[in-house]
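Chemist: Sequence and predicted structure below; questions after.
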Amino acid sequence: MRFLATIGALAIVLGIGCAVFFFGGFYSVAATAEDPAAVTWALTRVRTASIDRHADDSPPASFGDAAMVQAGAQAYASYGCSHCHGAPGVKWLKLSEGLHPDPPNLKEVAGDLSPAQLFWVIKNGINMTGMPSFEQAGARDDEIWSIAAFVKKLPSVSDADYKTWTASVEPKQAQ
Ligand code: HEC
């Protein structure tokens, strides 16, 4: 009994301690605050598991066609992915270096994510990070599939191809 009472008392003290720490403003929400390794590990696992479980749409038959990849490059440029992630021959904007977590180089993650996973991430975004939901930003599903096809091909897209494909692209603006 005594043992259980001690555990109960400790749980209450811990609960009060957490409430004071978080609601009392002691926790820093600064983007400059370093995450402990365990937090980074847990957040990465949560993200990967969540994407794995949710991404279950099948890509269209034309996935990966040259025309689709080019349309994807244009949508990628017009929706501003390059501002945060960069693109072949295009540097990301300086502001993206202030994001925490920082946007990955998509050339490096293209091989790790399936077409369905890319589609899901681009459509829904990643909550509480800088990664926007492009469905909310007005992109149609066929545009999102084309962007996913382009991202898959990123490792082999040359700077010159990207430049030619996106030469006449205007950035999307709110209406
Ligand atoms: C405002 C900045 C910003 C823009 C614009 C942006 N992203 Fe992201 N993106 C991020 C950040 C930050 C992350 C990392 C989130 C994390 O670590 O959990 C991310 C993550 C991703 C990932 C997941 C990588 C992984 O390993 O799971 C993909 C794929 C991605 N972005 C694609 C895109 C595409 C395609 C576009 C354009 C349609 C885009 N992003 C636009 C900031 C951005």
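Modeler: Thanks, I have it. Numbers count the residues shown, from 1 in each chain.

Chemist: what's the burial count for Met68?
Modeler: For Met68, the count of nearby residues is 21 (other CB atoms under 10 Å). Glycine gets a C-beta too; all of them are placed from N, C-alpha and C.

Chemist: show me the contacts for it.
Modeler: 62, 145-146, 149-150 (CB atoms under 8 Å, 6 or more residues apart in numbering).

Chemist: so which strand or helix has Gln70?
Modeler: helix 66-78 (DSSP states H and E).

Chemist: Packing partners of whichever helix or strand comes after that helix?
Modeler: Once the chain leaves helix 66-78, the next helix or strand it forms, by DSSP H and E, is helix 81-85. Applying 3 or more CB pairs under 8 Å, 6 or more residues apart in numbering; DSSP states H and E, we find helix 81-85 packed against no helix or strand.

Chemist: any bit of helix 81-85 sitting next to the ligand?
Modeler: Yes - counting by CB under 6 Å from any ligand atom, the ligand is contacted by helix 81-85 at 81, 83-85.

Chemist: What does the pLDDT read for Arg47?
Modeler: Listed pLDDT for Arg47 reads 97.

Chemist: by contact count, what packs against the strand or helix carrying it?
Modeler: Secondary structure from DSSP H and E places Arg47 in helix 37-54. Packing contacts for helix 37-54, counted by 3+ CB pairs under 8 Å, 6+ apart, involve helix 115-124.

Chemist: Other residues contacting the helix it packs on?
Modeler: Contacts of helix 115-124 (CB under 8 Å, 6+ apart): 51-52, 54-59, 63, 110, 113, 131, 133-135, 139, 141, 144-145, 147-149, 151-152.

Chemist: Just the buried positions in it, please.
Modeler: Judged by neighbour count using 16 or more other CB atoms under 10 Å, the buried positions of helix 115-124 are 115-124.
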